[in-house]
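S.K.: sharing a model that was predicted from the sequence below.
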Amino acid sequence: MLFCLVSGANDGGALLALGLKLPVPRIRAALAMLTAAVVVVPVVFGTGVAETFAAGLVGFGSGEDPEDATAAVLVGVLTALAVTLTLTWRGRPTSLTLATVGGLTGAGLGAGLPVSGERVALVLALGAAAPLAGWALALGVVRLLWRVPPGGPLSRVHLVGFAVLCAAYAANDAQKMLAVLAIALGVTAGALPWWALALAGALFAAGAVYGLPRAGRTLGGQLLAVRPVHSVSSEMSASAAVLCSSALGVPVSMTQSVAGGLIGAGVVSGAGRVRWEAAMRLAMAWVLTLPGSVVIAAMGALVVE
């Protein structure tokens with residue numbers, strides 16, 4: 001439950017913050033769209049990314065004692081939460097997805113479970129590429145959107161772009177919640193009962209409402225003096241990058257992709273619009289997240305063992 005709440009605060013708040021300077025959709029409607037996507041999209045399009053989280057990185061079901069695997073998962077999830085909350089509290093918001101990958105991998109190593117080095121390397125490679133892809137795509141998208149008249153026409157583009165963003169998030173990044181729930185319930189992600197999906201959606205929505213003010217300050221002021229065209233460009237660019245990773249069943253961070261898209265759109269408007277010091281702090285938090293999560297989770301799993 002705590003993992004779903006933090007996912008909402010960390011991810012949902014950031015995605016909702018993109019549309020704060022646009023008249024549609026309203027926050028309540030946007031929250032409803034995002035929450036509905038988190039619940040419905042995995043049912044319709046599958047849970048491939050959740051299966052990667054649950055079984056593709058570490059063989060949690062291959063140990064002799066199931067309790068050891070359960071303890072390792074718990075250590076990995078708690079580590080991801082601790083690292084994310086600590087960095088966020090210190091003013092360095094980071095990726096919960098990256099922390100989850102590091103936490104589960106480190107816990108698997110510490111517990112002596114089989115870890116797929118090839119799969120972990122692929123996830124890390126695409127995870128590093130996602131914000132760069134968001135940045136590169138935004139360079140072209142923002143030039144196209146400058147031709148769209150502000151006001152109503154741009155708002156309609158944003159409405160479509162936000163709907164795609166919700167679907168892309170639900171098809172990829174959000175599925176870390178389903179993976180944790182599936183492991184906790186002892187089922188595959190595709191076999192989660194409806195009440196578990198509804199619970200995840202409700203907790204995610206509550207977390208998003210809580211995290212929105214902080215995310216609005218980070219994305220709407222600290223990183224870039226955001227204009228509506230920057231927001232729309234970043235959400236469309238990030239969606240494209242994340243959907244490509246979803247097709248491969250590889251989790252990537254939507255918030256990282258969105259941040260990359262915002263920076264790319266800002267650079268086109270003038271490099272001086274980007275607050276590079278804040279961007280470097282954000283990048284440093286991402287760099288610290290993975291090794292920190294791996295080491296802490298590995299040590300925790302060794303202590304439990």
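M.R.: Cool, the structure landed.
S.K.: isn't residue 234 right up against residue 261?
M.R.: Yes - counting by Cβ atoms under 8 Å, residue 234 does reach residue 261; the two are 3.1 Å apart. Quick note: C-beta positions are derived from backbone N, CA and C, even for glycine.
S.K.: overlap in contacts of those two?
M.R.: By the contact definition Cβ atoms under 8 Å, 6 or more residues apart in numbering, residue 234 and residue 261 are jointly contacted by 134, 138.
S.K.: ok, for residue 106, nearest residue in space, not its chain neighbours?
M.R.: If you skip the residues right next to it in sequence, residue 106 has residue 297 as its closest partner in space, 3.2 Å away by Cβ to Cβ, 6 or more residues apart in numbering.
S.K.: what secondary structure does that neighbour sit in?
M.R.: helix (DSSP: H, G, I helix; E, B strand; the rest coil).
S.K.: tell me, how many residues neighbour it?
M.R.: Neighbouring residues of residue 297 were enumerated by other Cβ atoms under 10 Å; the total is 30.
S.K.: quick one, what contacts it?
M.R.: Here residue 297 is in contact with 75-76, 79-80, 102-107, 110 (Cβ under 8 Å, 6+ apart).
S.K.: farthest pair in these?
M.R.: Pairwise distances across these peak at 14.2 Å for 80 and 110 (criterion: Cβ to Cβ).
S.K.: might one say that residue 71 is in contact with residue 113?
M.R.: No - taking Cβ under 8 Å as the contact criterion, residue 71 and residue 113 are not neighbours in contact, 10.7 Å apart.
S.K.: who has more neighbours out of these two?
M.R.: Between residue 71 and residue 113, counted using other Cβ under 10 Å, the more crowded position is residue 113 (20 against 17).
S.K.: now the more buried one, what's its secondary structure?
M.R.: coil.
S.K.: for it, give its distance to residue 290.
M.R.: Here the criterion is Cβ to Cβ, to the nearest Å. By it, residue 113 lies 19 Å from residue 290.
S.K.: residue 266 and residue 276 touch, don't they?
M.R.: No - using Cβ under 8 Å as the test, residue 266 is too far from residue 276 to be in contact (10.1 Å).
S.K.: more neighbours: these two, which one.
M.R.: Comparing residue 266 with residue 276 by neighbour count (other Cβ under 10 Å), the higher total belongs to residue 266, at 26 against 12.
S.K.: fine, thanks again, bye for now.
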